[in-house]
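Chemist: sequence first, predicted coordinates after that:
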Amino acid sequence: MGHKDIKKYILHCSLFMMACFLCLFGYIVYLQVIAAPSLAANPMNRRGNAALDITRGAILDINGRELAKSSQPGERSYPYGEIMAPVTGYLGETIGSDGIESVAGNDLTGQSQQLQMLGPIGQAMQSTQGNNVKLTVDADIQQLAYEALGNHRGAVLVMNAETGAIIAMVSKPTVDPTDVESNWKSLTAREDSPLLNRATQGLYPPGSTIKVLIADAALDEKVTDLNEKFNCNGKLQIGNEYIGESHGAVHGNNLILKDALTESCNVTFGTLAMRMHGKGLESAFDRFGFTTPINSEFNESKCHLPKFSSLGDGDTAQVGIGQGETLVTPLRMAMLASAYVNHGKIMVPYLVEEVISPVGLVIRKASPSKWMDVTSEKRANIIGGFMENVVTNGTGGAAAVSGVRVIGKTGTAENSQGADHGWFIGAAELPKGKIAFCIIVENSGGGGTVAAPIARQIITALKDR
Amino acid sequence: MKTKSLLLVAVDFLIMFAGLGIIMLNQYPNIDYSPMPWALGAAVMGIVIQLFLVKGRYSSDIWVFPMVLFFSSLGIIMLARLKPILCVPQLRWLMIGMVVMLGVLYFSRQLKNMMQYQYILGICTLVVLCLSLLFGVEIGGSKNWLVLGPISVQPSEFGKILLVLFLAAFLSDHGEMLNAAKRKFLFLDLPPIRFIAPLLVIWGIAILMFVVQRDLGSALLFFCMAVFMTYMGTGSKSYVFIAMLFFGLGAAVSYAFFSHVQVRFNIWLDPWADPAGQAYQVVQSLFAFAAGGVWGTGFTHGHPGLIPEVHTDFIFSAVAEELGLLGCTVIMMVYVMLFYRGIMIAMNCKKELHTLVAAGFSIALFTQAFIIIAGVTKFLPLTGITLPFISYGGSSMVSGFIMIGLLLSLSKKEKVHGA
C-alpha cells in the first residue's frame, strides 16, 4: 500500500466522477435540445404567457367585438366579464392561464417557436405588440345562452355542425377573468368549481341522450331492426334488480325503435344494450370517438366509460339508458348530435377563426376538417328522423321552432348531488347552415322542460341572423 | 505564461461588470448603483490576490483561482438579476472568502502540521456535525442552520472540510492496517471492527442528517465523500460494497418511514403526477431548461423567477434558461477543469496525507456540483445543496474558499521531511 497505489485509486475515483458528469451533460443536451419543444408546449408551462414586456393582442368574437384587450403590457381587461370567461379563460403571473389565453398564448404575445429557437437574436426581433385572435364564438348567442341558464349551474355548447366552429360555449357559474388571480385561493376551494369549464371539462352521466348512440349501435350490430316491436310494461327485470320508466310510465307492446326513442323508453334501450353486450357497446363508444382525444384547442376532460367487458347484465342495461359509470362532457354530446345533420360525419371542433397581426394581416386562418366518420349517411338520416320525431311528437317539443327542422333528444340524469340534471342535445337546419347543440342544466329535473326551451331560444336567435 | 493568468481574472471581472451593466441599463432611469463599489472592491482584491499568487510564495498554482472567480462573477450577476437585494451581501461574502483564503495561505505551514492530528480532527468533525443535529434551526425546510446572533451558519459546509481532513489523516495512517488485517467473509474482505468503526460513525451521521435535518443534499455529499475517501485511501472494493449496502438499507428504511424522503423520491420518479403541487419546483426548473434551449433567452430575458428559491439551489436552472446550453456547457467545463487542476495538485503532492486531502477537496467540490446540477435537471432526485461559488450563501462561499486555500497551499512544491 504505497503512495503510488493511492494515486491510482484517486484516478479511478476521478474517472468515475468524470463519467457521471459526462452522462449528466449528455442528459442536459437532451433536455435543452430534444425534449425542449414538448416541454415548452406543456400547458403547465407559463413562460409563453409570462412575456411581460409585450402588449398582448386582443381576443375578438366572430363579429370583431373585443372579448379581451390590453392597452399596455401587463394590463388586461375583459369587456364581457364572466359571460365569456369559459372561452377567454384567465391569465395571471402566479396562476398561469386557461382557455384561449392559454391555448393561443403564443399568438397573443406574438411569440413563435422559430423566434424562440434563435435565442437572444430572436429577442431582438420580438415585436412589442402581440397578434389579435379572432374566435368563431358569437358574443350575442353566448350572452343569450348565459342568461337563459338563469340561476342554474350548467353548460351550453353550440357549434356549426358542418364546420366544427364553436358558436357559444357557456358554463355556469363562472367568475370575471380579471378577478381570478386576486381570489385564486378562495375560487379554487369553492365547492361549485367556478373555474371549471363545464362545457368541456364537466363530466356528467348522459342519461337518455345516450339512447341516440344506443339506437345507432343496435342497428349497426343488427340486434334489432326498424320494425321490431318492443314490449314495455314499465319495468325491466334483471335478476334481483330492475330498471323502471320515469314517472312510472308504461309504453305498451306496440313499440318500434322510432317510438322507443321518441318516448325515451328505458325498457327498450336497456334490452338493446344487453343484447349488444359489453363488446358491442364498447365498439359503439369507440366509433363515436368517446375514447379519442380531440387534438385541438380544448382543454377537455376525458370521458369516463365503464370497463365494458366486465359489466354484469344490470350494469350493461344501465349503460343503455346513460346511467351508471358512464360520464361524458357536453362538448362530446354536441358533437354526437352534429353527426345526424352532417351525413354521419363529425368535424374537428375549433375556436380560433383567424390570427391577425398588429397591422391587420391575417397570419393564420382556420380550415374546417373532418374529425371522423361515425356512422353511415343512411343511418344518420334514419336516426336523425327519429330525433326529429322527438321534437315534433315527443319529449323535446319545447325546442320546436316553426319553419326550422329541429332534431333532438332529451335526457334526465340521476346523480349523487341531488335533483336530476336536465339534458337536451340536438341540431337544427337553419337557412345559413346547420348547428348542433348540447344543453345541460344541473339539478333542474327533466331535460324536456328546462333544457329544451333554451335550445329553442338559441335556434330562434340564430334563425334571423 | 504567468501574467496571462491575470488576463483570465480580467475576463472574469469583465463578465461581472458587463452583467451588472446590463442590469443597470434595464433599471434606467432609476438605476441602483449600490453594488458598484463592492464589485470594484472585489475586482481589485481579485487582481491583487492573483498578482500575489503569481509570485508563487505560498502556492504554485495560478489557474484555480481565476476559475473560482469565474464562478463567483457569474453567481453575482445571476443574483443581481434574480434577487438584487442579495447581490451586495454576496459580494461581501466573496470578499470575506478571499480574505479567508489569504489567511489559509498565510498559515498554511501551521495548518499542514495540524492535518496530522487525526483524532482531534475526528472529534472536531463530530462536534461540528452534532452541533447542527442538536441545535439546528429550520430555515427553508432544512434543519441544518446554527443561528449565532446576527449571522446564520450552516455547520455542514464546514463539517465537509473537517470530514475530508479527518478521513485523509485517518486513512493515510491506518490505510496499511485496514488493508492488511483482512478477514474473508463471503466474497468480502473485512477488516477488524475497530478500524472500520470511524467510517461507520461517519456513515451513521450522514444517515442521521438525512432523517433528522432533512438535509438530503449534505447527507448524500457526506456519504459520497466517505466512500470516495475510503476507496482512495485503501483501494478496497469491499468497503465500497459495504457502503453501498449501507446506503441502500438506509435509503430503503428512510423511504419506508419518512414521508419527506418518499415525497422527494416520488417526485423524481414521476414529476408529472403532481406538477402544480409537490413537484412544482422541479417541473418549473425543467421548463426553464426547455425555455433556454441551445442559445438561451438572453441575459435578463428569461423568466427564471417562476422557480421558487431560484437564487440558491436552483441557480443553475436560471443560467440554463438565460444563457442556454452554451452557458451550461461553459460552467460544466470550468468545473471539470477545476477538478482536473485539483487532481493534478493531488498527484504532485509528496505526502500521502496531502495527496488525499487535495484529492478529497477536489472531489468534494466536483461531486457537490454534480449532485445539485443532477437534482435540478431531475437526473437524480433533488437534494438541496449549493452550487459551489455560484449559489447564494455565506457559509458555502467561505468554506469553498477555505478548501481552495488549502488546495493552493498543497500545490506548493516542498521538500519531503519524514514520511
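Modeler: Received, thanks. Residues are numbered from 1 along each chain as shown, chains lettered A, B, ... in the order given.
Chemist: rest of the way, CA atoms for contacts and neighbours
Modeler: Fine.
Chemist: max-length helix in chain B?
Modeler: Ranked by residue count and defined by DSSP state H, the top helix of chain B is helix B:315-348.
Chemist: does anything pack onto that one? Which helices or strands?
Modeler: helix A:3-29, helix B:64-82, helix B:280-292, helix B:352-376, helix B:394-411 (3 or more Cα pairs under 8 Å, 6 or more residues apart in numbering or on different chains; DSSP states H and E).
Chemist: which stretch in the ones you listed has the least confidence?
Modeler: Lowest mean pLDDT within those: helix B:280-292, a mean of 90.
Chemist: residues contacting the closest residue to A:G89 other than its chain neighbours?
Modeler: Once flanking residues are discounted, A:G89 sits nearest to A:G99: 3.9 Å by Cα to Cα, 6 or more residues apart in numbering or on different chains. A:G99 makes contact with A:P86, A:V87, A:T88, A:G89, A:Y90, A:F298, A:N299, according to Cα atoms under 8 Å, 6 or more residues apart in numbering or on different chains.
Chemist: one more time with 7 Å
Modeler: By Cα atoms under 7 Å, 6 or more residues apart in numbering or on different chains, A:G99 lies in contact with A:P86, A:V87, A:T88, A:G89, A:Y90.
Chemist: same check on B:S172?
Modeler: Residues near B:S172 by Cα under 7 Å, 6+ apart: B:G233, B:E352, B:L353.
Chemist: not counting residues beside it along the chain, what's closest to A:E354?
Modeler: Closest to A:E354 by Cα to Cα, 6+ apart is A:K365, at 4.5 Å.
Chemist: do B:L407 as well
Modeler: Spatial nearest neighbour of B:L407, excluding adjacent residues (Cα to Cα, 6+ apart): B:A358 at 5.6 Å.
Chemist: how far away is the one you found from chain A?
Modeler: Here the criterion is Cα to the nearest Cα, to the nearest Å. By it, B:A358 lies 10 Å from chain A.
Chemist: and what of B:I345?
Modeler: 11 Å.
Chemist: now swap in B:L121 and tell me
Modeler: Taking Cα to the nearest Cα, one finds B:L121 at 21 Å from chain A.
Chemist: so that residue is in which element?
Modeler: If you go by DSSP states H and E, B:L121 is part of helix B:118-135.
Chemist: after that helix, next one along is what?
Modeler: Taking DSSP H and E, what comes next after helix B:118-135 is strand B:137-139.
Chemist: the inter-axis angle of whichever helix or strand comes after that following strand versus helix B:118-135?
Modeler: Next in sequence after strand B:137-139, counting helices and strands by DSSP H and E, comes strand B:142-148. If you take axes from the mean of the first three to the mean of the last three Cα atoms, to 10 degrees, strand B:142-148 sits at 100 degrees to helix B:118-135.
Chemist: who does strand B:142-148 pair with, and is each partner parallel or antiparallel?
Modeler: For strand B:142-148, the paired strands and their directions (DSSP bridges) are strand B:137-139 (antiparallel), strand B:151-153 (antiparallel).
Chemist: what separates the first one from the chain centre, distance-wise?
Modeler: Average the C-alpha atoms of strand B:137-139, do the same for its chain, and the two points are 20 Å apart (Cα atoms, centre = their mean, to the nearest Å).
Chemist: can you count the residues close to residue 26?
Modeler: Picked chain A for this. 11 (other Cα atoms under 10 Å in any protein chain shown).
Chemist: you looked at the wrong chain, it should be chain B
Modeler: Counted with other Cα under 10 Å, B:N26 comes out at 12.
Chemist: what strand or helix carries it?
Modeler: Secondary structure assigned from DSSP H and E places B:N26 in helix B:4-27.
Chemist: now that helix: buried residues?
Modeler: Of all the residues in helix B:4-27, those buried under the rule 16 or more other Cα atoms under 10 Å in any protein chain shown are B:5-6, B:8-13, B:15-17, B:19-20, B:23-24.
Chemist: can you name the element that comes right after that helix?
Modeler: Next element after helix B:4-27 (DSSP H and E): helix B:35-55.
Chemist: residue contacts, the residue in the stretch 1-150 of chain B that chain A sits nearest to?
Modeler: Among all residues of the stretch 1-150 of chain B, B:N26 sits closest to chain A, at 11.9 Å; criterion: Cα to the nearest Cα. Applying Cα under 7 Å, 6+ apart to B:N26 gives no contacts.
Chemist: make it 10 Å
Modeler: Residues near B:N26 by Cα atoms under 10 Å, 6 or more residues apart in numbering or on different chains: B:L20, B:T300.
Chemist: burial check on B:L382, number of neighbours?
Modeler: 23.
Chemist: how about it: what's its closest non-neighbour residue?
Modeler: B:G375 (3.9 Å).
Chemist: any idea how far that neighbour lies from chain A?
Modeler: 10 Å.
Chemist: and B:F258, by the same measure?
Modeler: 28 Å.
Chemist: what's the separation between that residue and A:E245?
Modeler: Distance of B:F258 to A:E245, given as Cα to Cα, to the nearest Å: 55 Å.
Chemist: which one of those two has more residues nearby?
Modeler: A:E245 (17 against 13).
Chemist: let me know how buried A:P37 is, in neighbour terms.
Modeler: Neighbour count of A:P37, defined by other Cα under 10 Å: 17.
Chemist: distance check, it against B:G292.
Modeler: When A:P37 is compared with B:G292 (using Cα to Cα), they lie 11 Å apart.
Chemist: swap in A:H12?
Modeler: Distance, A:H12 to B:G292, using Cα to Cα: 35 Å.
Chemist: the two: which is more packed in?
Modeler: Comparing A:H12 with B:G292 by neighbour count (other Cα under 10 Å), the higher total belongs to B:G292, at 35 against 16.
Chemist: show me what the helix holding B:L121 is packed up against.
Modeler: strand B:142-148, helix B:155-180, helix B:193-208 (3 or more Cα pairs under 10 Å, 6 or more residues apart in numbering or on different chains; DSSP states H and E).
Chemist: quick check: mean pLDDT across it?
Modeler: If you average the pLDDT over helix B:118-135, you get 83.
Chemist: can I get the CA coordinates of that helix in PDB?
Modeler: What follows is helix B:118-135, C-alpha atoms only, in PDB (Å, rounded to 0.1, in the frame of the first residue of the first chain):
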ATOM      1  CA  GLN B 118      -6.400  12.800  13.200                       C
ATOM      2  CA  TYR B 119      -8.200  12.200  16.400                       C
ATOM      3  CA  ILE B 120      -8.600  15.900  17.200                       C
ATOM      4  CA  LEU B 121      -9.900  16.300  13.600                       C
ATOM      5  CA  GLY B 122     -12.300  13.400  14.100                       C
ATOM      6  CA  ILE B 123     -13.600  14.900  17.300                       C
ATOM      7  CA  CYS B 124     -14.000  18.300  15.700                       C
ATOM      8  CA  THR B 125     -15.900  16.700  12.800                       C
ATOM      9  CA  LEU B 126     -18.200  15.000  15.300                       C
ATOM     10  CA  VAL B 127     -18.700  18.200  17.300                       C
ATOM     11  CA  VAL B 128     -19.500  20.300  14.300                       C
ATOM     12  CA  LEU B 129     -22.000  17.900  12.900                       C
ATOM     13  CA  CYS B 130     -23.600  17.200  16.200                       C
ATOM     14  CA  LEU B 131     -24.000  20.900  16.800                       C
ATOM     15  CA  SER B 132     -26.300  21.200  14.000                       C
ATOM     16  CA  LEU B 133     -28.000  17.900  14.900                       C
ATOM     17  CA  LEU B 134     -28.700  19.200  18.400                       C
ATOM     18  CA  PHE B 135     -29.100  22.900  18.000                       C
END
